[in-house]
Structure formats: C-alpha cells, structure tokens
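Colleague: Build me a model:
(chains A and B, ligands or ions: 3)
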Amino acid sequence: MSIAESHSGIIGGIAARFRTCPATGLQIDLAAERLIKANAVAAVVFLLVGGVFGLLVALTRWPAVHLLPADMFYLVLTAHGLDVLLLWILFFEMAVLYFASAVLLNCRLAAPRFAWLAFILMLVGGVLTNIAVLQGDSSVMFTSYVPMQASPNFYLGLILFAVGALIGCLVFLGTLVIAKEEKTYEGSIPLVTFGALTACIIAIFTIASGAIILIPTWLWSLGYISHIDTLMYKLIWWGMGHSSQQINVAAHVAVWYAIAAITVGAKPLSEKVSRTAFLMYILFLQLASAHHLLVEPGISAEWKVFNTSYAMYLAVLGSLIHGMTVPGAIEAAQRRNGFVNGAFEWLRKAPWGNPAFAGMFLSLVLFGFLGGISGVVLGTEQINILMHNTLYVPGHFHATVVAGTTLAFMALTYLVLPLIFQRKVILPGLAKWQPYLFAIGVSGISLFMMGAGTLGVSRRHWDITFSDAALSFDYPSAAFLMLGLNGLSAILAAVGGGLYIVITVGSLLFGEKVTADNVVEALGPMPTRKVSEAVKEYGNAGTFHLPGTYILVAVFFTAFVLYYFVNWKYVSDLWPMG
Amino acid sequence: MALTPPEAKIWWNEKVERGELVWIVIAFLWGLVMFFMMVYWHLEGQQNLSNEVYRISPEKFLAKTEKFTEQYKVREEAGIPVAKAPAGSDVYMLARLWEWWPILELEKGQTYRVHLSSVDWQHGFSLQPVNVNIQVHPGLEHVVTITPTQTGEFSVVCNEFCGVGHHTMIGRIHVVDK
Ligand code: HEM
Ligand SMILES: [Cu+2]
Ligand SMILES: [Cu+2]
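Modeller: Numbering: from 1, shown residues only, chains lettered A, B, ... in the order given. Ligands and ions are numbered 1, 2, ... in the order given. Just a heads-up that it's a prediction; the model follows:
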C-alpha cells in the first residue's frame, strides 16, 4: 500500500481521513498527524531560540569571556528558561500526547479544532511572553518571584499558554474516550499511552496550580490587587514548577519505552510493575514542590521533611523502578535477538549507530546517574542548606531536563521523521554522532555547574569577581576553572543541539520521501530486522536472566549511597546552627 | 510491546519477576533510610534550619536594625557600619537592593541569634566560603542561631536574583577570637 494513499473513514458518525502506516499497519488520522507536525515544529523552533540564549548565558558566565552586559545577561537568562523549559518541552509533549493517543490507539483525534485552538493559544502566549521579556522590562527569571514585577503581558502570555496546554490535555483525554467507545484497541491501553496519560493527569494539576497563582499575579501587575504574599506565591508557583518536571519525567520514560520497543523490540518485563511505577508519579508527586522551599523561613521543619521525602521518595521509587525495568526490557529483548554471551553482549551489540537508540540509552543513563542522584541529594532538607540557589541547582536540572528529557525527545525525533513526517533522516553519518555530541556537552554543563555550586558559586549571577561591588570576595580559582569548562561544554552542547536542528529541519525540507519499500530502513540500523516477530510471544525476564541489568543497577545504587553520605559529611562540617 | 495493549489482558494479576521484586524492596528501604536520616539529623545533628520566624513590616525591621547598629557600632568599613554586639546576643542583618547591612563582627565559638529579613524584594543569604544558604523574604523575620567555628573574614553573597544590581550585593561577617 502506498504511504501517500489516504481514505476517508466514518467512525462514530464523524468523518476523519486516514492513511495506513506502512511500518505498523496502524490507521493514522491525518488531522492528528498535522497537529503532531505543527507542535513538533514549534517545539524545535523554540529549542533553537532558547538554545542560542543558553549558549550566550554560558559564555557570559565564563569569566574569561564574559560576553553580555549585566542587563542583557539577566534578560537572556529569563528568556532561556522560558523558551526551553516551557515552550520547547511543552510543545513537544503535546505532539507526544497526540501520538500516544490517536496514533497508537488507531483512532481519530477528538475535536481537532480544539487541538488547533490549543496550539494557537500556546503559540500566541509563548510569543507574547517572549516579547515582554525582549522589551527589557520583564527580566524577572522564569520563576518571577514576587514582589519583583514583570510587565502584565509576561503573565498574560503564560496564562494563555497554560490554557492552551490544558485544552490539549483535554483533547488527549477525549481521544482516549473515543478509542474506548469505538473499540479501536483491545484490552488496556499500551504502556506508552499509559505513561502519556500519567503525564497528562499531572499536567492538569500543574496547570491548575499555575492558574491559581498567575492570574492573581497578573491582576497585581495591572494594579487590581495590592499584595501577593511572597511565601504563598512560591508554594503555589512550585506546585506548577516542580510538578511540571514530573510531566517531563513521565513523558520521557514513556518515550524510552517506545524507542526501546521500536529499535530493539523490547517489551516491558512486567506491565504491572511499570504501570504501578507510573501511578506512583501521580500519587506521590504533588507535594514534592516542597523541596524548592527547604531553606525558606516560615515553613515548619516537619512539613518540609514529610513533603520532601515521605511523599517524594515514593515518587523517586517510581523512577528507580523504571531505571531498572527499561534497561531490563532492553536486555531481555536483545537476548531474545540472540545476543546471549556474557553479561554485556546485549549492550555491546546494541544498535549504537542508530541515533534513536543511542539518544535513548544516553538519556536513561545520564538522567539516572547525574540528574536523579543529584536531585535526591539536593532535595534533602539539611543538605539543601549547602546548595540552595548555587549553580548546583542548574547543574542538577540540566542533567534531568536536558540530558534526560531533551535528549529523549531528540532521539524520538529520529523515528518521528520517517513515521509521521514520512521523510528519511538526512545526513545519517552526522545524525549518528549527534546524540553523543549533545550528551557529552550537556554532561559537561551539568557536572561543571554542580562543581561550581559545590564551591559556593551563586546561580543567576553576572559577575563572580564582584568588580562593581563595595566589598569584595574571591572565589577559589577552581570555581573559575569550573565556569571555563562549563563554557567549553556549552559550546559542545550547542553544536550538538544545532546539528539536531539542522538535521530535523533539513529532513523536513529535503529528506527523501518514505514509502512502504524503505520505511524500515528509514528507522535506522537495528539489531535484527525480524525483531518484532521474534518477540511476539509473551516472554518476560523469567525466560532469561538479566545479569547485565543487575550489574548496572548495583553500580548505580552504590554510587547513589556513597554520594549521599559524602554530602552528609559536608553538612556536618558546617557551622552549628539551628 | 510497550506500544501495543498488554498481551495478558488481566495484567494486574501478573506474577512479578524475582529480580524486579528484589530491587523494588531495596529501593523502598533506601527511601526509608533517606527519610529517617533527615529526622535523625533534627534530633542529633548540629546543622538544622531554625523554625523561629515572625511576621514584621519592612519599616519595623529597618528601625530595629538601625537601632541595633547605632548601639553596637565599633567602626566603619567602606562606609558601612560594623556592629559588634556582646557574645551570645541577638544581632541583625537586613537585605535591601543591593546590600547586606550592617557588617557584623562575631566571636568564634559563641552562639548568636542572627535576625534576617529583607526590606524590599527577596534576597539570598549565602555565607561564603562556609557555604550556608538561606532564603530571605520581606515581611518575615527569621531568627537563625549560629555558632561560628572559624575565625576570619566571611562574605555574604546574594544568591537570589534581585534585579540588575544583584551581582554587586555582598555583605561581610568578621569572626574574631575572644
Ligand atoms: C545548548 C544548550 C544549553 C546550554 C549551554 C545551557 C546553559 C545554561 C546556563 C549556563 C544556565 C545559567 C545558570 C545560571 O547562571 O543560573 C542555564 C539556565 C537554565 N537552563 Fe539551560 N542550557 C542549555 C539548554 C537548556 C535546555 C534544553 C533546557 C530545558 C529543557 C534548559 C533549561 C534551563 C533553565 C530552566 C535554566 C534556569 C534559568 C533561571 O535560572 O531562571 N537549558 N542554562
Ligand atoms: Cu539581593
Ligand atoms: Cu540578589
């Protein structure tokens, strides 16, 4: 069947146009496909803009280069946070939601017009906030802590964006309902869709928190409300700000499972375990916003300890479980593919030349080792005294949201291009290296920012030499070295990110059309072509031992425990206080 | 596959693989260890953030700090008064765009009650090179009990973004021998 062929189908009395995917045989709703494309393209554009801002920030923080003047630095830093953390990530997540619902469930998208409304609101909102920032009177950082005030359009743009995202979530839920009613699939929804559903539910909670705090703040900026409590603002703002990170985690874990399934034919070791782990994100996440408030006055220690840990470690448990089940599923699949020698043949013979697989696996490892461990340590009540608002914090979250989420999304793009855009990836030789380049650069910025933060260097700070200050302070020379290495790593990351954009945009414009004949080849190198046949029958780890995965997990756990207690040692060296 | 509905329709009754189960138990126990570490440190550890906080208007906090500074001023440094209060007493430091005021002189091994607040925006009290970081809010007076264990010149860097002069906001604490 030709890939361009499409036909109308009447489902539930509503006409939708479909094409049949030559790789999977799934019916793809053309309206859903167009929306996936639009959201993905918007995402990539904001990644480009935000990524350039990130490079400028890093070059300014490199003392020997110190590129931008102070006011521009704070402006660009505000724009960087907004464009990458909000716009790039959320536009891409909208594409993932539509993919995981309409495409994977073989179903038409609910209310495509509303989905377009969502897209337009998000776009208008994003552009409005950007304009407000670029005009120069809203350099308040994306957290916009009161009583520092931005121009009203800064908040209005964010509100519009959030409303758009909310509508997108509702379209996703509506699609699940339609698929169920029209019985387009049998049994339960696929794990990847389950993960996307997790992300969507958290997103709704997140957006509600955002509305509760941003709408009054907007009115305050217009002069209708006289006062916003500083502590209340942070408490609710982080109800959005932190929970939205859990959207990212749920989404990129779903993406890991999806890529592992497509590239090596992995299937979950246990549906029950993986689904329960996703559920934990929903059940135990919300209060984790507490770990942004660990050194605030006016919040009791009991509240902090309970909310940063009791609830949070159960959400962490969810991630620890995925951290084992994803590589475990890959190992099991690879062993079924025939790579059974030793503990690690499955890993050595994995399709490292396929950027989708390589990006996914690097994302998994870096998210766990760098982002996960540092995040739990940072979120420990007393250890936070050592690290709050130092560069350790951006060091940590570049490992989670850049090495983790962003890299996973980049990896997925290499499959979305042939499957949804029906274009072959151009420059395959370069594409092969792109995930590695980006991963090395991002690991560098994460580690060196964490290093500088351990030495006490402040985040969001233009000049660590304090040359314009009345008093002075000299950071140790190692701090300068760290910031220099951070700058170099930023250049690498920017090259890797730039390459991703060139390849993506280039493939859209110039990529060879994908047809039924070359679609499998277009997905990149894979261990065995018959992979999906080989794993058709149900089989879990029971049929295979997973020594490689157990070793990896043991190494991870040892690193975690050691690093955790090393930081308690640092805490015990501080001046006694209470 | 993760992209298709689960093969076992009743997936919630599946038996969980032993390897997975072991890891889940270990990870859960580790979570408990981390939880009880924080509780333990509140009971036995020396470094905890104080819970003593009062609501106060910025004007009032400014007046209190000025009175304190007037009473205990011993000299000036770069035009900023240096206050040295008796060992073990209450001392005040306010944050404002863009300074920490006044400079404090403390004695090593003595315990002080440091009152922190802001009179305008939020600021970040970052004591260097000790590396103690505490958020400072307008309207909240935070009383932190602290015992310096080293002598020397320490700096208070602002590590909460507070506008275009943020990077010039730096204060000083001297710790001297008795
Ligand atoms: C080329 C890639 C990137 C580079 C070189 C880069 C570099 C940096 C640097 C140096 C900072 C400033 C730290 C500070 O002074 O406080 C920063 C902040 C930040 N970055 Fe990135 N980054 C990159 C990509 C990303 C991506 C893809 C995301 C999100 C998905 C991201 C999210 C953030 C956020 C949220 C902040 C905090 C902004 C704030 O403090 O208000 N970055 N980045
Ligand atoms: Cu300040
Ligand atoms: Cu500041």
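Colleague: and the longest helix that chain B contains, which residues are buried?
Modeller: Secondary structure of chain B read by DSSP state H shows that its longest helix is helix B:18-44. For helix B:18-44, the neighbour count (16 or more other CB atoms under 10 Å in any protein chain shown) marks B:G19, B:E20, B:W23, B:I24, B:A27, B:W30, B:G31, B:M34, B:F35, B:M37, B:M38, B:W41 as buried. Where C-beta positions appear, they are placed from N, C-alpha and C, glycine not excepted.
Colleague: Show me what the helix or strand harbouring A:L170 is packed up against.
Modeller: Assigned by DSSP states H and E, A:L170 belongs to helix A:152-181. Packed against helix A:152-181 by the contact rule (3 or more CB pairs under 8 Å, 6 or more residues apart in numbering or on different chains; DSSP states H and E) you find helix A:89-98, helix A:112-134, helix A:191-221.
Colleague: how about the ones you listed in a markdown table, adding mean pLDDT?
Modeller: What follows is the helices and strands packed on helix A:152-181, written out as a markdown table (pLDDT from 0 to 100):
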| stretch | mean pLDDT |
| --- | --- |
| helix A:89-98 | 92 |
| helix A:112-134 | 96 |
| helix A:191-221 | 90 |
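Colleague: could the ones you listed be laid out in JSON lines, adding distance to A:L48 and mean neighbour count?
Modeller: Shown next, in JSON lines, are the helices and strands packed on helix A:152-181 (distance: least, CB to CB, whole Å; neighbours: other CB atoms under 10 Å in any protein chain shown):
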{"stretch": "helix A:89-98", "distance to A:L48": "12", "mean neighbour count": "28"}
{"stretch": "helix A:112-134", "distance to A:L48": "13", "mean neighbour count": "20"}
{"stretch": "helix A:191-221", "distance to A:L48": "24", "mean neighbour count": "22"}
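Colleague: Could you save the ones you listed as JSON lines and add columns showing distance to ligand 3?
Modeller: Shown next, in JSON lines, are the helices and strands packed on helix A:152-181 (distance: least, CB to the ion, whole Å):
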{"stretch": "helix A:89-98", "distance to ligand 3": "27"}
{"stretch": "helix A:112-134", "distance to ligand 3": "19"}
{"stretch": "helix A:191-221", "distance to ligand 3": "20"}
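Colleague: Find the nearest non-adjacent residue to residue 149, please.
Modeller: The chain I'm using is chain A. Distance criterion CB to CB, 6 or more residues apart in numbering or on different chains; nearest residue to A:Q149, sequence neighbours excluded, is A:S221 at 5.6 Å.
Colleague: Actually, chain B is the one I wanted.
Modeller: A:W575 (5.4 Å).
Colleague: and the one you found, which of the three is it?
Modeller: Counting by DSSP: H, G, I helix; E, B strand; the rest coil, the backbone at A:W575 sits in coil.
Colleague: Contacts only, for it.
Modeller: If you count contacts by CB atoms under 8 Å, 6 or more residues apart in numbering or on different chains, A:W575 has them with B:Q47, B:V130, B:V132, B:I146, B:T147, B:P148, B:T149, B:Q150.
Colleague: Report pLDDT for it.
Modeller: In this model, A:W575 is scored at 95, pLDDT.
Colleague: I'd like the distance from it to A:N389, if you could.
Modeller: Going from A:W575 to A:N389 by CB to CB, to the nearest Å gives 18 Å.
Colleague: now do A:G164
Modeller: According to CB to CB, A:G164 stands 31 Å off from A:N389.
Colleague: which residues sit against stretch A:76-88?
Modeller: By CB under 8 Å, 6+ apart, the list of residues contacting stretch A:76-88 reads A:42-44, A:46-47, A:49-51, A:53-54, A:56-57, A:60, A:68, A:122, A:126, A:129-130, A:133-134, A:138-143, A:158, A:161, A:401-402, A:406, A:460.
Colleague: Not including adjacent chain positions, what is the nearest residue to the residue most central in space within chain B?
Modeller: In chain B, the residue lying closest to the centroid (CA atoms, centre = their mean) is B:I134, at 2.1 Å. Nearest-residue entry for B:I134: B:F125, 4.5 Å, with adjacent residues in sequence omitted and distances by CB to CB, 6+ apart.
Colleague: What strands line up against the helix or strand where that neighbour lies, and which way round?
Modeller: Using DSSP H and E, B:F125 sits in strand B:123-128. Partner strands for strand B:123-128, per DSSP bridges, with pairing direction: strand B:132-136 (antiparallel), strand B:152-158 (antiparallel).
Colleague: And that strand, how far out from the chain middle?
Modeller: Relative to its chain's centre, strand B:123-128 lies at 7 Å (CA atoms, centre = their mean, to the nearest Å).
Colleague: So it, near ligand 2 or not?
Modeller: Yes: Strand B:123-128 lies within reach of ligand 2 by CB under 5 Å from the ion, at B:H123.
Colleague: how close does the residue of chain A most remote from its centre get to ligand 2?
Modeller: Ranked by distance from the centre of chain A (CA atoms, centre = their mean), the top residue is A:A470, with 41.3 Å. From A:A470 across to ligand 2, the span is 14 Å (CB to the ion, to the nearest Å).
Colleague: nearest spatial neighbour of that residue, skipping sequence neighbours?
Modeller: Per CB to CB, 6+ apart, closest to A:A470 is B:A78, 4.9 Å.
Colleague: Give me the distance between the one you found and B:E99.
Modeller: Distance from B:A78 to B:E99, by CB to CB: 10 Å.
Colleague: With A:V295 instead?
Modeller: 21 Å.
Colleague: So for these two, which residue has more residues nearby?
Modeller: Remark: of A:V295 and B:E99, A:V295 carries more neighbours, 24 against 21, as counted by other CB atoms under 10 Å in any protein chain shown.
Colleague: How many residues are close by residue 105?
Modeller: Looking at chain A here, since you left the chain open. 22.
Colleague: um, chain B though
Modeller: Number of residues near B:E105 (other CB under 10 Å) recorded here: 19.
Colleague: and residue 91, what does it touch?
Modeller: No chain was given, so I picked chain A. By CB under 8 Å, 6+ apart, the neighbours of A:F91 are A:N39, A:A40, A:A42, A:A43, A:F46, A:M122.
Colleague: look at chain B instead
Modeller: B:F68, B:A83, B:A85, B:L104, B:L106, B:Y112, B:R113, B:V114, B:H115.
Colleague: Quick check: buried residues in stretch A:343-351?
Modeller: A:E345, A:W346, A:L347, A:A350, A:P351.
Colleague: Cheers, nothing more for now.
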